[in-house]
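J.: Provided below are the primary sequence and the corresponding predicted coordinates.
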Amino acid sequence: MIEMLQLLTPDPHRTRRTSALCHERLARQRKYAATPSRFTQTYLVERALVCGFCLVYMSCVALVAFEVLGGF
Amino acid sequence: MTAMDRQTELILVAELRAGSEAAFDRIHVEFNGRLFSFLARLARNRDVAEDLLEETWLRVVDSAPRLRSDTRLGPFLFTVARNLYVSYCRSRLIEDSQTVDMIGLWPLGTPKPSPFESTVASETGRRIEAALASLPASYREALLLTGIEGMRPAEAAFVCGMTPEAMRQRLSRARAALARRLDEQEDRVMAALKEATT
């Protein structure tokens, strides 16, 4: 019996407004997905810095070791 | 009520995850009225239903990139709508004190049948709407999801966050309660008629 209840219609003006809002958000999401995020950029810079410092440190260690061993 | 086939549904989900507006529009056209009917009958108030409907679509769009590729749109959308209604009730604590607004629920711009059909259908519809609105929210949502949306008890159980067995029991109780309310209405009408003719 409950199947015979009619489909209720929401306010068309509000429906259009909601739809437009959703389109706007979807467009923003696509734009956001297309460009690398700020988080990704920060992460990459941070990794590069850590790797750089590691290289400098290892080079210094190697240099010191060479000098010490070279003394013999 | 049209049913979307599974293949189309999977394609639409994939496109929505990619941010397609065309996919969103198709989903919106298919489900907007259905979600509104569900929310309006659950909340028993058109304005609240309009607000919840808007929030439902915005939540859906926000969560679109994180959707699973095998998401079933119907159960997903009705789960979002139901959760929003539950949050609304929790925040306002008005569920039991809300006024039943039958006239406000009646659809706008429906096609015009003959005056007799219109009177009978509208009278029956109003009686069912009134009986449904007088049931507890848990019974209403079970009846709306299975009776109007045509969901299987397992799908309705998923939307309501319960086991299929518990949903079957709830449905059985809800149907019995609805039948009882309709009988009570019938008795009241008969009594009023009898009184009027004597």
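T.: Happy to help now that I have it.

J.: tell me which element residue 47 falls in.
T.: Since no chain was named, I'll use chain A. Here A:Arg47 sits within helix A:38-70, counting by DSSP states H and E.

J.: That was the other one, I meant chain B.
T.: Using DSSP H and E, B:Asp47 falls in helix B:46-63.

J.: mean confidence score for stretch B:191-198?
T.: Averaging pLDDT along stretch B:191-198 gives 77.

J.: mind checking how far the helix holding B:Asp47 is from the chain centre?
T.: Remark: helix B:46-63 is offset 14 Å from the chain centroid, using Cα atoms, centre = their mean, to the nearest Å.

J.: And for it, what's in contact with it?
T.: A:8, A:10-11, A:14, A:17-19, A:21-22, A:25-26, A:29, B:24, B:28, B:32, B:35-36, B:39-40, B:42-43, B:76-77, B:80-81, B:84-85, B:88, B:101, B:104-105 (Cβ atoms under 8 Å, 6 or more residues apart in numbering or on different chains). Any C-beta I mention is one placed from the backbone N, CA and C, and that applies to glycine too.

J.: Restrict those residues to the buried ones and give me that as a PyMOL selection.
T.: Remark: buried members of the contacts of helix B:46-63, expressed as a PyMOL selection using 16 or more other Cβ atoms under 10 Å in any protein chain shown:
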select buried, (chain A and resi 8+10+11+18+19+22+25+26+29) or (chain B and resi 24+28+32+35+36+39+40+42+43+76+77+80+81+84+85+88+105)
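
J.: Tell me which of the contacts of helix B:46-63 fall in helices.
T.: A:14, A:17-19, A:21-22, A:25-26, A:29, B:24, B:28, B:32, B:35-36, B:39-40, B:42-43, B:76-77, B:80-81, B:84-85, B:88, B:104-105 (DSSP state H).

J.: What is the neighbour count of B:Arg66?
T.: When counting by other Cβ atoms under 10 Å in any protein chain shown, one arrives at 7 neighbours for B:Arg66.

J.: elements contacting the helix holding A:Arg47?
T.: Using 3 or more Cβ pairs under 8 Å, 6 or more residues apart in numbering or on different chains; DSSP states H and E as the contact definition, helix A:38-70 packs against no other helix or strand.

J.: For A:Leu21, which residues are in contact?
T.: Taking Cβ under 8 Å, 6+ apart, one finds B:Glu54, B:Trp57, B:Leu58 in contact with A:Leu21.

J.: Of the residues you listed, keep whichever come out buried.
T.: Taking 16+ other Cβ under 10 Å as the criterion, what is buried in these is B:Glu54, B:Trp57.
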